[in-house]
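S.K.: next comes the sequence, and after it the predicted model I'd like to discuss.
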Amino acid sequence: MLDKLKTIELRYQEVEERLADNATYADPALAARLNQEQRELQPLMETYRAYLQAQRTLEESQSLFSDPDLSELAHEEFAAAKAALPELENQLKILLLPKDPNDDKNVIVEIRAGVGGEEAALFAADLYRMYSMYAEGKHWSVEVDSASETELGGLKEICFTIQGAGAYSRLKFESGVHRVQRVPETESGGRIHTSTVTVAVLPEMEEVSVDINEADIEMQVFRSSGAGGQHINKTSSAVRLIHKPTGLVVECQQERSQFQNREKAMRLLCSRLYEQEREKVEGAYAADRKSQVGSGMRNERIRTYNFPQGRLTDHRVGLTLYKLDAVMNGSIDEIIDALVTADQAERLEKETQ
C-alpha cells in the first residue's frame, strides 16, 4: 500500500507543478483535466501526509522519553499519534478502493407506482418530492423528462434527471422497491395499507458512451399526456424512442422543442442500455454475491416507510430512524452515509480475501 501511495504522491506533485505553470492554461481542456485530477487525489494525499506525520511523531517523541523536561509531553504526543494511525490507515485503504467510474455523473431517476393503486401513485409523488428536496439541498438541478399523473395528484410514473457533482455516487443506492405503510387519504375506515413503489437510478450516459446504431431506433412524436401540472407541456413535440433490438422504449415530453426532447430521450436510452448491459455482466455472479448494498436488483425490498410509527427502516443495513417527516422532506444523508459505509466495508473485505 505504501509503495502505491508513494507513486500516487509523485503524480500529485507533478499535477501541482503543471497547474502552477502558466503555460498549462494555454490549453483549457488540459487545465480542466489536471484540476479535476488534483481534486480527486487531494483527499488521499491529505490523509497520506497526515499518516506520515503521525509516524514521524511516533519516532520523534520516542527519542524524547529520556528527557526529563520533555518526557511527559513526548508520552502524550506518542499516545495521540499511536491512536491516530489505525484510523488513518483505514481511511487510506478506503480512499485507495477502485472508484466507480460513474460516481461523478448526473443521474436519471425513474419512479413507478407498484402494488397499491392510487395510494402507490401518491407515494411515488412523495418520493419524487423527497428526492427533489434532497437535490435542492445539494444545489443540484432537477429536470422532469416525462410523467404520468393521476387525478388525485399521484404519479403512475415519473422520469427525471438530477444534475450535480457526485449525484450518482450518493443516489445509486436508492434503486429498488420502497414499501410504504400508512392510512391512505382515500381510506375512510382508518385501516393501514401497504403499497410499493419502484425506484431505478441510472448514471446519465451520453450517446458517445454507448454504441447505438441509428437504424435500430424508431422515433415517434406525440402530444404530452397526463392529468396536468406545471411540469407537463401540452405540445405535439413529445418524443418516444424505440430501440428495436432490445424493445426498450423511452419518452421525453418536458421540452417544447422536438429536437431537445429527442436529445434528452437519447441520453435516457443510452443510460438504460448501459444499465441493461451492466446487469447482464453482474448477473453472471449475482447468485454467489452476498452483498447487502448496491446490488440494484429491482425486485428487492430495500426500505419501509411506516407512517403511523414515524419510522423508516432500511433493510440492507438494518438502519431504523424515527424521523420520517424529516426524511420525506429530503433529509436522507444519514441513510445514504450508512449505505456508503457498508459498501466500503464490503469492498474492503473483498480486497483482503
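M.R.: Happy to help now that I have it. Numbers count the residues shown, from 1 in each chain.
S.K.: tell me the backbone dihedrals of the residue of the chain most remote from its centre, please.
M.R.: Relative to the mean C-alpha coordinate of the chain, counting by Cα atoms, centre = their mean, the farthest residue is residue 68 (54.7 Å). When quoted as degrees, to the nearest 10, the phi and psi of residue 68 stand at phi -60, psi -30.
S.K.: and the lowest-mean-pLDDT helix or strand in the chain, which residues are buried?
M.R.: Across the helices and strands of the chain, the lowest-confidence element by mean pLDDT, DSSP states H and E is helix 258-283, at a mean of 80. Within helix 258-283, the residues that qualify as buried are 258, 261-262, 264-275, counting by 16 or more other Cβ atoms under 10 Å. To be clear about C-beta, it is placed using only N, CA and C from the backbone, and glycine gets the same treatment.
S.K.: now do stretch 81-96
M.R.: For stretch 81-96, the neighbour count (16+ other Cβ under 10 Å) marks 81, 84, 85, 88, 91, 92, 94, 95, 96 as buried.
S.K.: any weak-confidence spans in the stretch 251-353 of the chain?
M.R.: The stretch 251-353 of the chain contains residues with pLDDT under 70 at 281-300, 352-353.
S.K.: what's the answer for the stretch 1-150 of the chain, then?
M.R.: Counting by pLDDT under 70, not a single residue of the stretch 1-150 of the chain qualifies.
S.K.: which parts of it are strands?
M.R.: With DSSP state E, counting those that start in this stretch as the criterion, the stretch 1-150 of the chain has strands at 107-113, 141-149.
S.K.: give the other helices and strands that the shortest one contacts.
M.R.: To tie it back to what came earlier, the one meant is strand 107-113. Counting by 3 or more Cβ pairs under 8 Å, 6 or more residues apart in numbering; DSSP states H and E, the packing neighbours recorded for strand 107-113 are helix 117-137, strand 155-163, helix 167-171, strand 193-203, helix 258-283.
S.K.: could you check the angle the longest one makes with strand 107-113?
M.R.: So that's helix 258-283. 80 degrees (axes from the mean of the first three to the mean of the last three Cα atoms, to 10 degrees).
S.K.: buried stuff in the very next helix or strand once past helix 258-283?
M.R.: Using DSSP states H and E, the next helix or strand after helix 258-283 towards the C-terminus is strand 301-306. Residues of strand 301-306 classed as buried by neighbour count (16+ other Cβ under 10 Å): 302, 303, 304, 305, 306.
S.K.: one more: stretch 16-30?
M.R.: Judged by neighbour count (16+ other Cβ under 10 Å), stretch 16-30 contains these buried residues: 19, 24.
S.K.: do the same with stretch 95-108
M.R.: Across stretch 95-108, burial judged by 16+ other Cβ under 10 Å covers 95, 96, 102, 104, 105, 106, 107, 108.
S.K.: send the alpha carbons of it over as PDB?
M.R.: Extracted in PDB, the C-alpha atoms of stretch 95-108 (Å, rounded to 0.1, in the frame of the first residue of the first chain):
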ATOM      1  CA  LEU A  95      -9.600   6.000  -0.500                       C
ATOM      2  CA  LEU A  96      -7.500   3.500  -2.400                       C
ATOM      3  CA  LEU A  97     -10.500   1.400  -3.300                       C
ATOM      4  CA  PRO A  98     -11.300   1.400  -7.100                       C
ATOM      5  CA  LYS A  99     -13.700   4.200  -7.800                       C
ATOM      6  CA  ASP A 100     -17.000   3.700  -9.600                       C
ATOM      7  CA  PRO A 101     -16.400   5.400 -13.000                       C
ATOM      8  CA  ASN A 102     -19.900   6.700 -12.900                       C
ATOM      9  CA  ASP A 103     -19.800   8.300  -9.500                       C
ATOM     10  CA  ASP A 104     -19.400  11.800 -10.900                       C
ATOM     11  CA  LYS A 105     -22.100  11.500 -13.500                       C
ATOM     12  CA  ASN A 106     -25.600  13.000 -13.400                       C
ATOM     13  CA  VAL A 107     -28.400  10.600 -12.700                       C
ATOM     14  CA  ILE A 108     -31.700   9.600 -14.300                       C
END
